[in-house]
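Engineer: have a look at this prediction, sequence included:
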Amino acid sequence: QVQLVESVGGSVQADGSLSLSCAASGDTTECMGWFRQAPGKQREGIASISSNGHTSYTTPVKRRFLISKDNAKNTQYLRMNSLKPEDTATYYCAAGVVATYFPLICDWKYWGQGTQVTVSS
């Protein structure tokens with residue numbers, strides 16, 4: 001079993017930056033990632049990272065968001081730059097096992113409670 005605890009999100013103006021963290025306790029995590037869900041929309045995966053550093057990003061966040069992981073602390077981070085109002089959503093941390101490395105695809109098994117990120121124009 002893995003428990004995931006996310007940091008508190010926040011509010012920021014457009015073009016600003018915000019960082020999230022997610023600490024995993026329990027079993028070690030082979031793959032960690034971030035999802036988000038905007039009001040009225042489906043939850044979407046945005047970034048993932050394996051324990052050996054392979055990463056994957058979806059197009060809307062590529063080159064703006066950076067995912068990283070401290071394996072010793074079993075904690076992942078999401079640095080969000082150049083934020084846009086359309087990035088407003090509840091962000092969820094996830095953990096699981098790697099299905100494939102190239103491209104990085106994870107089988108998600110555990111979820112955090114979600115944290116709100118609001119970007120104002």
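Structural biologist: Good, I have the coordinates.

Engineer: what residues are up against the residue nearest to the spatial centre of the chain?
Structural biologist: For the chain, the residue nearest the mean C-alpha position is W34 (2.2 Å; Cα atoms, centre = their mean). For W34, the contact set (Cβ atoms under 8 Å, 6 or more residues apart in numbering) comprises 20, 22, 45-48, 67, 76, 78, 91-94. C-beta coordinates here come from the backbone N, C-alpha and C atoms, glycine included.

Engineer: try it again at 7 Å.
Structural biologist: I46, A47, I67, L78, Y91, Y92, C93 (Cβ atoms under 7 Å, 6 or more residues apart in numbering).

Engineer: max pairwise distance over these: which two?
Structural biologist: I67 and Y92 (13.5 Å; Cβ to Cβ).

Engineer: just to revisit the earlier point, any idea what the residue nearest to the centre of the chain is bridged to?
Structural biologist: Beta bridges link W34 to A47, C93, judged by DSSP bridges.
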